[in-house]
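S.K.: Need coordinates for the following:
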Amino acid sequence: MTQIRRFEGKTAFITGAARGQGRAEAVRLASEGADIIAVDICKSFDFPAYPGATSDDLAVTVGEVEALGRRIVAAEVDVRDYDALQQSVADGVGELGRLDVIIANAGVCSAATTWEHALDQWQETIDVNLTGVFHTVKAAVPILLEQGQGGAIVMTSSVAGLRGVPFAAAYSASKHGLVGLCRTLANELGQHRIRVNTVHPAGVNTDMQPVDMQQLITEHADTLGPIFMNALPDTMSDAEDIAATVAWLASDEARHVTGSQIPVDLGTLIR
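M.R.: Coordinates of the predicted model:
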């Protein structure tokens, strides 16, 4: 069977690339020929009830991409720090030669009933999940425009970006915000053949598993449990399932898809 090489000669910039979906996306695109610019904060955040990625995690991503014979430029960068993010993109393009795909994947999730969200908890989530994506596209889109050869942007949203997920007000608000940002950018960038789409996973089997969210779901299972039910029998997707969808959206096979919201949700949204 001939190996698919949809990204031969292309470069992808991926945030939150140290583990989980970001690593899976880096490896998937590298397996199809892409070189990678990878960034991750490699630290824990204040509110999520799970440990953050580490420098060792990012090193694993580097090793897996290099094992596929592709080049990778990796840096420990906080997407809230625009200047550092812009510099990381410039450094990566300077070394790898070009930019074709932007995957804005970095994000955090923590849980509380809406009126019990701490003010700092709300701000941290919005700053990482929404402003961080704005920073990502602001830093990278001018490079695509200067190249004048089109490109693809994929933003990691969530089913929480398409429905009101209980106990995740800040997360849901940030992920809904990505839909608006995506649609605006798709209109602005279409004339330049730059496509912009969002992908909307449900539960994904990664290290991003907020214990506080699971506790709240269990406590309210009798009344709110159906919101979290899947139509398919699997409990969760794997990171590679999301990476496969992202790779398709970023490829020329989806050349007429822009401004779209693509669920990879095990059918939870049809409930």
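S.K.: quick one, helices of the stretch 101-250 of the chain?
M.R.: Per DSSP state H, counting those that start in this stretch, the stretch 101-250 of the chain carries helices over the ranges 119-126, 132-147, 169-189, 211-219, 221-224, 239-250.
S.K.: so the first one versus helix 169-189, what angle?
M.R.: It stands for helix 119-126. 30 degrees (axes from the mean of the first three to the mean of the last three C-alpha atoms, to 10 degrees).
S.K.: who touches helix 119-126?
M.R.: Contacts with helix 119-126, where a contact means C-beta atoms under 8 Å, 6 or more residues apart in numbering, come from 45-47, 108-110, 112, 169-171, 173-174, 177. For every residue, glycine as well, the C-beta is placed using N, CA and C.
S.K.: The residue nearest the centre of the chain and residue 133: what is the separation?
M.R.: Relative to the mean C-alpha position of the chain, the nearest C-alpha, by C-alpha atoms, centre = their mean, is the one of residue 105, at 1.8 Å. Noted for residue 105: a distance of 9 Å to residue 133, by C-beta to C-beta, to the nearest Å.
S.K.: just to revisit the earlier point, any of the contacts of helix 119-126 buried? List them.
M.R.: Among those, the ones that count as buried by 16 or more other C-beta atoms under 10 Å are 45, 47, 108, 109, 110, 112, 169, 170, 171, 173, 174, 177.
S.K.: Isn't the third one up against residue 132?
M.R.: The reference is to residue 108. No. In this structure residue 108 lies outside contact range of residue 132 using C-beta atoms under 8 Å: 9.2 Å.
S.K.: give the contact list for residue 231.
M.R.: For residue 231, the contact set (C-beta under 8 Å, 6+ apart) comprises 266, 267, 268, 270, 271.
S.K.: Show me which of those are buried.
M.R.: Counted by 16+ other C-beta under 10 Å, the contacts of residue 231 give 266, 268 as buried.
S.K.: Can I get the contacts of residue 231 in a markdown table including distance to residue 122, secondary structure and pLDDT?
M.R.: A markdown table is the format used below for these (distance: C-beta to C-beta, whole Å; DSSP: H, G, I helix; E, B strand; the rest coil; pLDDT from 0 to 100):
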| residue | distance to residue 122 | secondary structure | pLDDT |
| --- | --- | --- | --- |
| 266 | 28 | coil | 93 |
| 267 | 30 | coil | 94 |
| 268 | 25 | helix | 91 |
| 270 | 30 | helix | 88 |
| 271 | 28 | coil | 80 |
